[in-house]
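>>> how would this look folded up:
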Amino acid sequence: MAFVDSIVLCLYFAAVLAVGVVAGRREKNTDDYFLGGRRQPWAVVGLSILATELSALTFVIVPGSAFAGDCGYLQLYFGAFIGRMAVVYLLLPAFYGGRVTTVYEYLGQRFGPWTRGTASLLFFGSRAIGSGLRLLAASIAVSLVFEWPLEAVIVGCAAVAVAYTAFGGIKAIVWTDALQAVVFIGGAVAVVVYLFVATPGSVGEIVRTAAAAGKFRVFNWDWHLNNDKAFIVLLVHTLFLNAAVFGTDQDLTQRMLTCRDLKRGQRSLIFSTVLGFPVVALFLLVGALLWVYCEAMPAGAPLAELSPDRVFSYFIANGLPSGWGLRGLLLAGLFAAAMSSLDSALGALSSAAVVDFYRPYVAPNRGATHYLKAGRVFTCLFGVLVAVIAILFVSETDLLWEAFEWASLIFGSLLGIFLLAVLTRNRGHDRTNPLAMLSAVGVLCAFKFMQDDETLLVAWPWWIVIGTGWTFFVGAVWATERSPSGRR
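Below is the predicted model of the structure:
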């Protein structure tokens, strides 16, 4: 790597360290550590949500999906807006009304400790696996660029994220993620400009070549309900998935709860939603332009021999010019994607462990300093767990859709129980709600592990829909054992 590229990369790490240290100073209690004192700016929170939402899967793998196919990934965004508005106007008011630290506290207010504990445990499973897959995606890219052992990169990235997350808590996460969002978006813009310059032909000719090859095709109008790439299937799936991810996953919802009040929390999610679509389109454009570059330039030929997950990483390592600072910027983007994928997950897992289990059951009535230290210890422990999960999935070749499948197994049961809480007044029982949630997960696990491409019963985009309906209706069979205490 050239000297200029090294300087750019060093400046990035220095900036992240400085922002993390400054933002994370003076942590006095768990309200500071887990919620940033509830005084974080909504625009910064929105950028932070965007960074975590897009993550390493967008930076590393989405360009490969356009390179090998088309822009069908954008279909995921058409149901996203509706799902997120449900969070803005239905779930966030309940969370702010209950003044909760974790969203699972609201379930405790509404139903009781068994529902709260079960939902929190399901979150542990979904977030640990999802974060492990995102960490693996970013680590693959870093490993290819530097030719370092993949397992060593996974451990190193996890260690860096643990360091500043354990120190600064959610404030460090919010501000460093906002910086990292700017870095990897800037890197994508720089690559688009370079590819237009480096590929023979005018901008119009390059675009027409990509369009003629079907690279800009978005919609799949197949009406077969088991086609997991069809628009109608993904429309329904993303509506439910976004409501679940942004309304029941402590990783993302925690960020919104750091704002001063409900209106600012709502603005942060709307802001990230508006920015998300063009950013994903930008990364798909990178993949389409890479395909044109590969077809036109002999130097691009090796890209065609790689799996889609590794195309963009290989291009950063071997296709970008050395000495311009561009490679350094893209490497910074890779690290930004890795860190933003992991730091927020560690903070969310730690907050759920302390608030939902450790404080009420293991060490009640301790001082603020004790729980602050416990939060830092749990951050380190979850860092180890996520790194182990990433290593276990090293042989997986289709990380993008694998991540969606795993999320669909659990998020349906979480969304179902939250909808039961906010949409009904006297339905749902604390002792039977866990049965509704766990049985939904069991049914969906049977779909995942007992079917294959030849004996497909239910395509994975429908799993979250089934899980949501199953949990809601099974839970609604029983009446609430006491008057709801959670506010709506």
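>>> could you check the distance from residue 233 over to residue 133?
Counting by CB to CB, to the nearest Å, the gap from residue 233 to residue 133 is 22 Å. C-beta here means a position set from N, CA and C on the backbone, and glycine is covered the same way.
>>> now residue 309
According to CB to CB, residue 309 stands 11 Å off from residue 133.
>>> Compare the two and say which one has the larger neighbour count.
residue 133 (25 against 22; other CB atoms under 10 Å).
>>> per-residue pLDDT, the more buried one?
Residue 133 is assigned 79 on the pLDDT scale.
>>> pretty sure it contacts residue 406?
Yes. Between residue 133 and residue 406 a contact is recorded at 7.1 Å, counting by CB atoms under 8 Å.
>>> In three-state terms, label residue 200 for me.
At residue 200 the chain is in coil, as set by DSSP: H, G, I helix; E, B strand; the rest coil.
>>> ok, and the closest non-adjacent residue to it?
In space, and not counting its chain neighbours, residue 200 is closest to residue 296: 5.2 Å by CB to CB, 6 or more residues apart in numbering.
>>> now residue 469
With CB to CB, 6+ apart, the residue lying closest to residue 469 is residue 416, at 6.9 Å.
>>> quick one: the helices in the stretch 251-400 of the chain?
With DSSP state H, counting those that start in this stretch as the criterion, the stretch 251-400 of the chain has helices at 262-296, 308-318, 326-353, 368-392, 399-423.
>>> out of these, which comes closest to residue 118?
In terms of CB to CB, the element of the helices of the stretch 251-400 of the chain nearest to residue 118 is helix 399-423, at 8.3 Å.
>>> Beyond the closest one, next helix or strand please.
Going down the chain from helix 399-423, the next helix or strand is helix 433-450, by DSSP states H and E.
>>> can I get the CA coordinates of that next one in CSV?
Extracted in CSV, the C-alpha atoms of helix 433-450 (Å, rounded to 0.1, in the frame of the first residue of the first chain):
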residue,chain,number,x,y,z
ASN,A,433,-46.6,-15.7,25.6
PRO,A,434,-43.2,-17.5,25.7
LEU,A,435,-44.9,-20.7,24.3
ALA,A,436,-46.3,-18.6,21.4
MET,A,437,-42.9,-17.1,20.6
LEU,A,438,-40.8,-20.3,21.0
SER,A,439,-43.3,-22.5,19.1
ALA,A,440,-43.2,-20.0,16.2
VAL,A,441,-39.4,-20.2,16.1
GLY,A,442,-39.6,-24.0,16.2
VAL,A,443,-41.9,-24.1,13.2
LEU,A,444,-39.7,-21.8,11.2
CYS,A,445,-36.6,-23.8,12.1
ALA,A,446,-38.3,-26.8,10.7
PHE,A,447,-38.8,-25.0,7.5
LYS,A,448,-35.2,-24.0,7.3
PHE,A,449,-33.5,-27.3,8.2
MET,A,450,-36.0,-29.8,6.8
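>>> Now do that helix against helix 399-423, angle only.
Counting by axes from the mean of the first three to the mean of the last three CA atoms, to 10 degrees, helix 433-450 points 160 degrees away from the direction of helix 399-423.
>>> sorry, back to before: just the pLDDT for the residue nearest to residue 469.
Among the per-residue scores, residue 416 shows a pLDDT of 96.
>>> ok, the residue lying farthest from the centre of the chain - contacts?
Most distant from the centre of the chain: residue 201, at 37.2 Å, with distances by CA atoms, centre = their mean. Residues counted as contacts of residue 201 (CB atoms under 8 Å, 6 or more residues apart in numbering) are 209, 296.
>>> separation between it and residue 208?
As defined by CB to CB, residue 201 lies at a distance of 9 Å from residue 208.
>>> How about residue 351?
As judged by CB to CB, residue 351 and residue 208 stand 50 Å apart.
>>> more neighbours, those two?
More crowded of residue 351 and residue 208, by other CB under 10 Å: residue 351, with 26 against 13.
>>> Per-residue pLDDT of that one, please?
The pLDDT attached to residue 351 in the predicted structure is 91.
>>> mind listing what the residue nearest to it when sequence neighbours are not counted touches?
The shortest distance from residue 351 to any non-neighbouring residue, by CB to CB, 6+ apart, is to residue 34 (4.2 Å). Residue 34 is in contact with 101-102, 169-170, 254, 347, 350-351, 354-355, 375, counting by CB under 8 Å, 6+ apart.
>>> at 7 Å what do you get?
Residues in contact with residue 34 (CB atoms under 7 Å, 6 or more residues apart in numbering) are 101, 169-170, 351, 375.
>>> next one: residue 313
Counting by CB under 7 Å, 6+ apart, residue 313 touches 60, 140-141, 144-145.
>>> how about 6 Å then?
If you count contacts by CB atoms under 6 Å, 6 or more residues apart in numbering, residue 313 has them with 141, 144.
>>> Next: residue 471.
413, 416-417, 436-437, 440.
>>> if I've got this straight, it is in a helix?
Yes. Applying three-state DSSP, one finds residue 471 inside a helix.
>>> quick one: residue 194 from residue 243, how far?
Residue 194 sits 38 Å away from residue 243, taking CB to CB as the criterion.
>>> now residue 153
34 Å.
>>> what residue lies at the spatial centre of the chain?
For the chain, the residue nearest the mean C-alpha position is residue 53 (3.9 Å; CA atoms, centre = their mean).
>>> Helix or strand: which one has it?
Assigned by DSSP H and E, residue 53 belongs to helix 42-56.
>>> Next one: residue 277, what pLDDT does it get?
The model reports residue 277 with a pLDDT of 90.
>>> try the one 3 residues further on
Per-residue confidence for residue 280 comes out at a pLDDT of 91.
>>> Over to residue 412?
So residue 412 comes in at 92 (pLDDT).
>>> Check residue 483 too.
We have a pLDDT of 47 for residue 483.
>>> which of the residues in stretch 141-150 are buried?
141-145, 150 (16 or more other CB atoms under 10 Å).
>>> which one of those sits closest to residue 473?
Proximity of those to residue 473 (CB to CB) peaks at residue 141, which lies at 42.8 Å.
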